[in-house]
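# the amino acid sequence is not available; the structure is as follows:
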C-alpha cells in the first residue's frame, strides 16, 4: 500500500458569482521513501494540491469530492482533532518564504519546543535537547545558541534550514515542500536542496516537492507530475519526462528553457498564457496554446492514460508519438 | 575581441562606487561602545570600484546574488542615483554629474525596463496614456496623430494588439504587462536599454516570450543592453559579455562563451555549479562556506575571502586587482593570479 494515495480529488473555490474548480479530479500515489515533484506554472494548481493534502484548504475553497488516503486514513473527512494529530507529526510542510514562515516574536527555541510539546509529553529541557539534535542534522552551527535567537537575527538560508529542522522534529513520514528555495539565491538553493535530498534518503522520508523549476525536479525527484489548469496532464518517472516528454505542454516547458537553445537564437516559446480558472476552454485546457490541436481537442477532455512509460492526457499524443518512427521506417 | 557592430564604446564605467549612508545626522552617528560614547558613521558599500565597458550592439549581463549591487549599477547608469566616486561616460560624454534638463536628451537615448510589471505601470493610466506620455514628453513637435501612430506601431512590434489601448494594466497578465513596459521603453527609439531582472517575475513559458521579444528588438533596432539578472541560463543565452558581481565588486568579466566554458574566479565556478541542470548527472556543486557578509563592514582584502576555499593570508590583507587573462577575461583573484587554481 502506498503511503499516500490521492483519488479523484476535486477542490473548488466559491466565488461571488460562480464556483471555480482549482483541482479537477487529480489522482496520484506516493510510495514510502519516494520523492515526487509537482511542476507547473503559476495558476496550475500545484500549491492548492499541497494544501489539500494536509486538508488546509480554507474558505472560500473546499474539498468537493475525492479521497486523500494517508497511511490508510482519509484526510478529506477527518475531524479537526484527528487532523492536528497528523499535521506536523506524520506529515509536515515547508513553505516558500522563510521570512514569513517563522513567528517573528518567538525565539527559534520557543517555536521548536512548542511544536514538540503539542504532540508529545516532554519537559522543556527534553524538548530543547531534541531541538538541538535536529538543528545539528541540518548543519546549523552552534545550535545551542540559536535556540535563544529570533528569526530576524538569521539569514534566509539559515532560516530555511531551521524550518526544515522544525519539519523534521517529529520524524514525519511525508514532507511537502512548496517552492522551498524560490526565495533564496542559487548557491544557497543548491545547499538546501542537497540537504533535503540527504535527509530524505537517510531517514527514508517521502517528499513531495512543488516547484516551477524543471532543473530542481530533475535533480531531486524520482517521479514527476506536470499540472496545467487544475489537472495532471503528464505523470511518470522524472527521467522519462525530462528526456522524452510526451504532452505538448511538457515539451513546450522544457524547450522554452534557454539552455535548450543555442545562445542568441530564438527560444521556442509557448504562445499565449495559462487560462484563468474561471475561463478554462472547452475540451483540452491547453488547446488554445497547442500547435497540434485538432477539432477533437477543442470538444473533448482527453483521458489521462498510460502511453509507453508515462501517463498522459492528450488526444494527439499517440499520433505524435508514432509519427517520427514512421519517418524513420520510410528512410 | 570580435565586435559585430563596431568597436565603438557606448558606455564606460570608471572605478564606480556607491555607498548609502545608514546614519543621517549627528545624533544617529552616536554609538555607545566600550563604556564610551563615540561618533561613528556607517554606510552600505553597495558598489565598489566597478569598471566596465559596453560596446555598441553588445548585451552586457551583470549577474550576482541578492545584495551584490547589481540593481544599484543599473540605477547608477540610468542616472536615478548619483555615484559616490568614479565616473560614467556615455558615448564619450561624462554623464554622472548631469542634472535636470541636461539629462533629457540622454533619457531619450537610454531607457529602462524594470523587474515587476505590476509596479512599473501606473494602474490609473490606460495603456494608451502610459505609452503616449514618453512620446509627447520627448517629441514636443509631434502632432496628436503622429503620437498615436507611433504608439500603435510600437504596440504592434511587441505583439500587443493596438485595439487594447483603452484598457488598464490590471486587465493584462504579467507577460503582457512586461510587453507593454518594453513597448513604453521603445516608444522613444532608444539606442541603449537597461533591463533590471525583466523576466524574473514571469513564468517559464512567458519568460521565453519576453526574451525573444528583447532579442528581436536588439536585432531590428540595433539596441545595446545592460541586462541585470541572477539567472545564469538567461545570461548564457542573452549576453555577449558577462560581469559577475560579488559584494559590490566585479570578480570576473569576460565574453559569455569564455566565462561559461572556462570560469576562473572561485565564486564564478561555485555559481555556475549551483545551477540545477536538466541532465541526469548527479549535482557536482561546489559548496561555499557560510553566506554573503553584509556590505556594511566590508572585509579588508578580497570580498569573497570568507567563503573561498582558496583563501590565504594575502587574500585577507590585500584587495585583488582585476588582471586580464590570456583568453581576454578579466579576473580579480589572488589565487588565479598566483596560479593556485588549476
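Done, it's in. Quick caveat, the model's predicted, so the values are computed rather than measured. Residues are numbered from 1 along each chain as shown, chains lettered A, B, ... in the order given.
# hey, let's count contacts and neighbours off CA atoms from now on
Noted.
# give me the three-state assignment for the closest residue to chain A within the stretch 1-150 of chain B.
Closest residue of the stretch 1-150 of chain B to chain A, CA to the nearest CA: residue B:65 (5.8 Å). Put simply, residue B:65 is coil when judged by DSSP: H, G, I helix; E, B strand; the rest coil.
# quick check: phi and psi on the most centrally placed residue in chain A?
Centre of chain A computed as the mean C-alpha position; nearest residue by CA atoms, centre = their mean is residue A:210, 2.3 Å away. Backbone torsions of residue A:210, given as degrees, to the nearest 10, read phi -100, psi 120.
# I'd say it and residue A:37 touch.
Yes. The pair residue A:210 / residue A:37 is scored as a contact, 5.9 Å apart, by CA atoms under 8 Å.
# which residues sit in contact with the closest residue to chain A within the stretch 151-300 of chain B?
In the stretch 151-300 of chain B, the residue that lies nearest chain A is residue B:237 (4.1 Å; CA to the nearest CA). Shown in contact with residue B:237 (CA atoms under 8 Å, 6 or more residues apart in numbering or on different chains): A:258, A:259, A:261, A:262, A:263, A:264, A:265.
# before we move on, back to that, check contacts around the residue nearest to the centre of chain A.
By CA under 8 Å, 6+ apart, residue A:210 lies in contact with A:37, A:38, A:39, A:46, A:47, A:50, A:176, A:177, A:178, A:179.
# do you know how far the nearest residue to residue B:114 once chain neighbours are set aside is from residue B:61?
Spatial nearest neighbour of residue B:114, chain neighbours left out: residue B:196 (5.1 Å); criterion: CA to CA, 6 or more residues apart in numbering or on different chains. Distance, residue B:196 to residue B:61, using CA to CA, to the nearest Å: 10 Å.
# between the two, what contacts are shared?
Common neighbours of residue B:196 and residue B:61 (criterion: CA under 8 Å, 6+ apart): B:227, B:228, B:229.
# that older thread, just want to know which of residue B:196 and residue B:61 has more residues nearby.
A direct count of neighbours by other CA atoms under 10 Å in any protein chain shown for residue B:196 and residue B:61 places residue B:61 higher, at 28 against 25.
# which secondary structure element contains the closest residue to residue B:92 other than its chain neighbours?
Leaving aside its chain neighbours, residue B:92 sits nearest to residue B:10 (7.5 Å; criterion: CA to CA, 6+ apart). Secondary structure assignment for residue B:10, by DSSP states H and E: strand B:9-21.
# and that strand, what does it pack against?
Counting by 3 or more CA pairs under 8 Å, 6 or more residues apart in numbering or on different chains; DSSP states H and E, the packing neighbours recorded for strand B:9-21 are strand B:43-55, strand B:85-90.
# again, only this time at 10 Å
Applying 3 or more CA pairs under 10 Å, 6 or more residues apart in numbering or on different chains; DSSP states H and E, one finds that strand B:9-21 contacts strand B:43-55, helix B:70-77, strand B:85-90, strand B:93-94, strand B:224-229.
# neighbouring strands - and their directions - for the first one?
For strand B:43-55, the paired strands and their directions (DSSP bridges) are strand B:9-21 (antiparallel).
# angle of the partner strand against strand B:224-229?
40 degrees (axes from the mean of the first three to the mean of the last three CA atoms, to 10 degrees).
# contacts only, for residue A:109.
Listed by CA atoms under 10 Å, 6 or more residues apart in numbering or on different chains, the contact partners of residue A:109 are A:124, A:127-128, A:131-132, A:143-150.
# quick one: low-confidence ranges for the stretch 151-300 of chain A?
Under the criterion pLDDT under 70, no range of the stretch 151-300 of chain A is flagged.
# hey, where'd the helices end up in it?
In the stretch 151-300 of chain A, the segments counted as helices under DSSP state H, counting those that start in this stretch are A:156-168, A:186-203, A:214-220, A:238-243, A:248-255, A:295-299.
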